[in-house]
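Visitor: my questions concern the predicted model and sequence given below.
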Amino acid sequence: MAIQIVMDHTGDTRHYFSLADEATVAEAEKRFVKLTGAGFIAATRTGHGGSTLTRRFDPTAEETVFFPRLQGG
């Protein structure tokens with residue numbers, strides 16, 4: 001089961017989806033497009049404890065984390 005983690009000022013929200021369920025994959029892709037379109041930065045976890053920035057939805061990524069852009073002031 002894959003997970004999308006959305007970080008924001010309140011903490012994080014987790015959304016799980018399964019490659020075996022086309023409906024949840026479609027929801028995950030819509031969420032990816034919506035969040036990155038709203039300025040969130042997406043990163044997929046690597047096997048070495050690091051992460052890699054991503055600009056395209058990858059349904060095979062086990063974990064994608066969305067970070068809001070920092071606001072200066």
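Guide: It's in.

Visitor: residue ranges with poor pLDDT in the chain?
Guide: Regions of the chain meeting the criterion pLDDT under 70 cover residues 72-73.

Visitor: please repeat the previous calculation with a cut-off of 90.
Guide: Across the chain, residues meeting the criterion (pLDDT under 90) sit at 9, 46-50, 69-73.

Visitor: can you show me the helices along it?
Guide: Secondary structure of the chain, counting by DSSP state H: helices at 22-37.

Visitor: all strands for it, in order.
Guide: Secondary structure of the chain (DSSP state E): strands at 2-8, 11-17, 41-45, 51-54, 63-67.

Visitor: which strands and helices sit next to the third one?
Guide: In other words, strand 41-45. Applying 3 or more Cβ pairs under 8 Å, 6 or more residues apart in numbering; DSSP states H and E, we find strand 41-45 packed against helix 22-37, strand 51-54, strand 63-67. Just so you know, the C-beta spots here come from the backbone N, C-alpha and C atoms, and that holds for glycine as well.

Visitor: got the CA coordinates for it in PDB?
Guide: Taking Å, rounded to 0.1, in the frame of the first residue of the first chain, the C-alpha atoms of strand 41-45 are listed here in PDB:
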ATOM      1  CA  ILE A  41       6.700  20.500  -3.300                       C
ATOM      2  CA  ALA A  42       6.500  16.700  -3.800                       C
ATOM      3  CA  ALA A  43       9.300  14.300  -2.700                       C
ATOM      4  CA  THR A  44       9.400  10.600  -2.900                       C
ATOM      5  CA  ARG A  45      11.400   8.600  -0.200                       C
END
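
Visitor: many thanks, have a good one.
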